[in-house]
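A.B. asks: just coords:
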C-alpha cells in the first residue's frame, strides 16, 4: 500500500518555522529550506531533509508551508528564482503561516491561482514553544476544498483551528487584530513596569499583584517578568522586536484602509519603531521597556 | 462584655461605596452618607444607618471609609462644612478607597495628622459585584499601626490585600498602574472590536477566539461582550466612562512628574476624553467603542 501522507516543504526556519518543521516531521515526510546553513543543519537532526533552494524543497512535495518573515520574503520564496512555483506539483497547495496582511494574502492567492496552485491563508499565534508542541492558534481563511487538503497539516500544528472565512485574507484579518491586541498589551506592560520604576515601586510586585486582577493580560504575565530581566542578565530572544514593527504597521495600514481610528495601535507602532531606532530590532520584544525606562 | 467591633462610617454610596457599605454591615455597625436620597434609602434596607451629613455619619464612629469619586469630593467630605473631621473621635482613622493619586493621598494624610487622625491609603479594584462579595483587590500604603486598626475592615472587603509600602500614597501609586493597564486594555479591546467591524469580521468570534490566547486580557473578556451590546440594547452602567477620564489623567500626570513617557496611556486618556465629549461620560466605559466605530 503506498504511503498517502502528504509530503510537506517548509520554507523558512525562523523562530516559528523551525519548531513547526520538526513537529511536522513526527507525522509527515518533510523537506525544508532556509537561507541560513545553521537552521538547515538544526532541522536535519530532527529527521527533516534540508534543501538548498525553495524549489529543491518543493520538488515532489504536495504542500508548501511558508513560515517566512514578511510579504517580500513570501513573494521571493514563491515566485523568485528557484522559487516554489514550478517545483510544486500542479494542483498543489501553499499554506501561508506568515503575517502579511489581508491584501497581500489575496494578491498572493490570485497569482498562485494563475499557476494552478491554491492558497490556504493560515497565520499562526502562540510562540516557538507551542509551535513545537502542536499547540498553536491557527486562524484560517480558505475555501472548503483546499482547507480540507491542508487540514491534516494544520491540525498537527494547532490546538485551536478557527475558520474565520472562506477567502484568503480572512485569516490575516483575524491575525492582524490578534497582533493589535498583543502589541498594545506588551507596550502597556512596558509602560506599567517603567512607571513602577519611576515611582520607586517594586516592578515584580506590580506584575504579580496586578496580573491576577482586572489589569491582567497574557502579555503582562508572559512579558512582564522578561522585562524585569532586561535590567539584569537580559532575556533570551523568543520573539524579535521588529516583528511588531512590521505587524503594527500592517494593523495601522488596515485601520487607514477601513477608516477605523486606532490611537493606541498607532502609539504602540511608534514605540516599537523607537525601539528599533535604538538598536533593539533583533532583541526580544520585551526589551521595548528600556525605551521608556533606560537601563542604569 | 462591651461590643469592641469598630464602628464604621462609609462616605459615598456610589457603584463601589454602596456594595461595600452593605458588605461591611454584615459584620460591623455601619453608618453611611451620600448626597443622593435614593442611595441612602438603598443601604438602609441592608441594615446600615443612613445619615444626612458626613459629620452625622462619622459621629461615634471609629473609622471613616471614603468611597467618593475624586480628590475634591474627599476634601469636601473630610474638611468641608459638616465634614468627617471634628465628628470622628480623636485618634480615629480614615480609610481612603478612592483613586486620587499619590500626591493627593499624601496631602490628605498631612492635613488629617493635624487633626490627630490617621490615613490608611487603600484604593480598591474589582468592580461592584466583587465589592459586595468581599472579593476586592486592595493595595495599601500605610504605617503598621493604623494599618492594623484598619485590617479587620479591609479583610472583610478584600480577597487580596497587598501592602505596597508604609506611606500614604504608596497604595495610590500601585492603583494608578492598575488603572493604566485597565484603561489601556479597555481601549485596546475597543480598537479590536472596531477594526473587526471595519473588516466585516464577526466581532464576537474575535473576542472569543483571541481572548483565549496571547491576545487575551481580563478586560477583553469582560468588556468585549459588553462592547457588542453597545450595538444592540446597550450595556447597563457598571463602571462610568468618566472614571477613566479622571484616572488616566492621574496616570499621565504621574508619568509627567516622574518623567516616564506613557504613549499608550496618553492616547487612551484622549480616547476617553473623546467619549466624554461625545456625551458618554455617564455611560458604561465599554461604550467607548462607539467613538471608534459609531452605532449605525
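C.D. replies: Now that the structure is in, tell me what you want to look at. Because the structure is a prediction, the values reported are computed rather than measured. Residues are numbered from 1 along each chain as shown, chains lettered A, B, ... in the order given.
A.B. asks: now the stretch 1-150 of chain A against chain B: closest residue?
C.D. replies: residue A:137 (4.7 Å; Cβ to the nearest Cβ). Where you see a C-beta, it was placed from the backbone N, CA and C, and this is true even at glycine.
A.B. asks: list of residues touching the top strand by length along chain A?
C.D. replies: For chain A, the strand with the greatest residue count under DSSP state E is strand A:158-165. Where contact means Cβ atoms under 8 Å, 6 or more residues apart in numbering or on different chains, the residues beyond strand A:158-165 that reach it are A:124, A:130, A:134-142, A:147, A:151, A:154-155, A:170-171, A:173-174, B:201, B:205, B:209, B:212-213.
A.B. asks: domain parsing for chain A?
C.D. replies: A:8-167, A:173-292 (automatic domain parsing).
A.B. asks: make TSV from the ones you listed and add mean pLDDT and mean neighbour count to it.
C.D. replies: Formatted as TSV, the entries for these read as follows, by pLDDT from 0 to 100; neighbours: other Cβ atoms under 10 Å in any protein chain shown:
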stretch	mean pLDDT	mean neighbour count
domain A:8-167	96	20
domain A:173-292	97	22
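A.B. asks: which one of those domains lies nearest to residue B:234?
C.D. replies: Nearest to residue B:234, of all the domains of chain A, is domain A:173-292, at 21.2 Å by Cβ to Cβ.
A.B. asks: for that closest one, measure first residue to last.
C.D. replies: By Cα to Cα, to the nearest Å, the extent of domain A:173-292 from end to end equals 30 Å.
A.B. asks: one more: stretch A:62-72?
C.D. replies: Looking at stretch A:62-72, the gap from its leading to its trailing residue is 23 Å under the measure Cα to Cα.
A.B. asks: the helices in the stretch 101-250 of chain A, which residues?
C.D. replies: Here the stretch 101-250 of chain A has its helices, by DSSP state H, counting those that start in this stretch, at A:102-113, A:128-132, A:144-157, A:170-199, A:203-211, A:218-229, A:241-258.
A.B. asks: redo these as CSV? Include distance to residue B:17.
C.D. replies: Conversion of the helices of the stretch 101-250 of chain A to CSV gives the following (distance: least, Cβ to Cβ, whole Å):
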stretch, distance to residue B:17
helix A:102-113, 47
helix A:128-132, 44
helix A:144-157, 51
helix A:170-199, 27
helix A:203-211, 23
helix A:218-229, 29
helix A:241-258, 39
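A.B. asks: nearest to residue B:51, of those?
C.D. replies: Minimum separation from residue B:51 across these (Cβ to Cβ) falls at helix A:203-211, 34.6 Å.
A.B. asks: who touches that closest one?
C.D. replies: Residues external to helix A:203-211 that are found in contact with it (Cβ under 8 Å, 6+ apart): A:189, A:192-193, A:196-197, A:216-217, A:220-221, A:224-225, A:227-228, B:137, B:139, B:160, B:162, B:164, B:174, B:177-178, B:181.
A.B. asks: quick check: angle from that helix to helix B:218-229?
C.D. replies: For helix A:203-211 and helix B:218-229, the angle between their directions (axes from the mean of the first three to the mean of the last three Cα atoms, to 10 degrees) works out to 30 degrees.
A.B. asks: tilt between helix A:203-211 and helix A:170-199?
C.D. replies: What separates the directions of helix A:203-211 and helix A:170-199 is an angle of 130 degrees, with the same axes, to 10 degrees.
A.B. asks: which residues touch the residue of the stretch 1-150 of chain A closest to chain B?
C.D. replies: By Cβ under 8 Å, 6+ apart, the neighbours of residue A:137 are A:124, A:125, A:126, A:158, A:159, A:160, A:162, A:178, B:209, B:212, B:213, B:214.
A.B. asks: what would these look like in JSON lines with distance to residue A:243?
C.D. replies: Formatted as JSON lines, the entries for these read as follows, by distance: Cβ to Cβ, whole Å:
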{"residue": "A:124", "distance to residue A:243": "12"}
{"residue": "A:125", "distance to residue A:243": "12"}
{"residue": "A:126", "distance to residue A:243": "13"}
{"residue": "A:158", "distance to residue A:243": "20"}
{"residue": "A:159", "distance to residue A:243": "22"}
{"residue": "A:160", "distance to residue A:243": "21"}
{"residue": "A:162", "distance to residue A:243": "21"}
{"residue": "A:178", "distance to residue A:243": "12"}
{"residue": "B:209", "distance to residue A:243": "21"}
{"residue": "B:212", "distance to residue A:243": "21"}
{"residue": "B:213", "distance to residue A:243": "16"}
{"residue": "B:214", "distance to residue A:243": "12"}
